[in-house]
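Participant: no sequence for this one, just the structure:
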């Protein structure tokens, strides 16, 4: 664990708002990026980033040091976003799909992909987002989510198969002459 991490953990446990602000500025871009990947909307991503940092402050005493601070914090963020997606109402998805497509076919493909990702089970979606969109290794994902490396690989494979199946009409249409 780095010196900065140890200082942040100590400061967090004592409620040091100055160090918390430093921690926020250090980690908020990564947390925002995660939130954006789950929501696809800048405003929602910013709101969830704030919620996650509030949750971090509230749960600061539950960090036991069994993993790196960032791994623990990132797992807290992923769990938060999985809960957000679980609670998201189908009507919100319909609003996105009913919105006028200004980008033509590319916009339709993008919406179909995002909808397909949102329809994945939370485990598949987490691994897919962390690996294929965020660029984390299976070892990092396993550590963040508390799963085996083999489980991470298996869930990624199954997520990709599910996405391929859901997007088959779009893939076939794009290969027609």
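Facilitator: The structure has been received and is ready for your questions. Since we're looking at a predicted model, the values are computed, not measured. Numbering: from 1, shown residues only.
Participant: what's the residue nearest the centre of the chain sitting at in phi/psi?
Facilitator: Nearest to the mean C-alpha position of the chain, counting by CA atoms, centre = their mean, stands residue 34 at 4.0 Å. Backbone geometry at residue 34, expressed as degrees, to the nearest 10, gives phi -60, psi -50.
Participant: how about the closest residue to it other than its chain neighbours, what does it touch?
Facilitator: Nearest in space to residue 34, with sequence neighbours left out and distances taken as CB to CB, 6 or more residues apart in numbering, is residue 77 at 5.6 Å. Placement of C-beta: from N, CA and C, glycine included. Residue 77 makes contact with 31, 34-35, 52 under the criterion CB atoms under 8 Å, 6 or more residues apart in numbering.
Participant: same question, residue 119
Facilitator: Residue 119 neighbours (CB under 8 Å, 6+ apart): residue 166.
Participant: That one and residue 162, how far apart?
Facilitator: 8 Å (CB to CB, to the nearest Å).
Participant: same deal with residue 86?
Facilitator: 17 Å.
Participant: what does residue 53 give?
Facilitator: Counting by CB to CB, the gap from residue 53 to residue 162 is 32 Å.
Participant: Residue 170: neighbour count?
Facilitator: When neighbours are counted by other CB atoms under 10 Å, residue 170 registers 15.
Participant: Mind pulling up the pLDDT for the nearest residue to residue 126 once chain neighbours are set aside?
Facilitator: Distances taken as CB to CB, 6+ apart put residue 78 closest to residue 126, at 5.5 Å, once the chain neighbours are dropped. We have a pLDDT of 90 for residue 78.
Participant: Contacts only, for residue 78.
Facilitator: 34, 126, 130, 144-145.
Participant: what about the closest residue to residue 49 other than its chain neighbours, distance to residue 121?
Facilitator: In this structure, residue 49 finds its nearest non-sequential neighbour in residue 32, 4.6 Å apart by CB to CB, 6+ apart. Residue 32 is 24 Å from residue 121, where distance means CB to CB.
Participant: Between these two, which is the more surrounded one?
Facilitator: Neighbour totals were compared for residue 32 and residue 121, and residue 32 leads with 18 against 13 (other CB under 10 Å).
Participant: Thanks a lot, see you next time.
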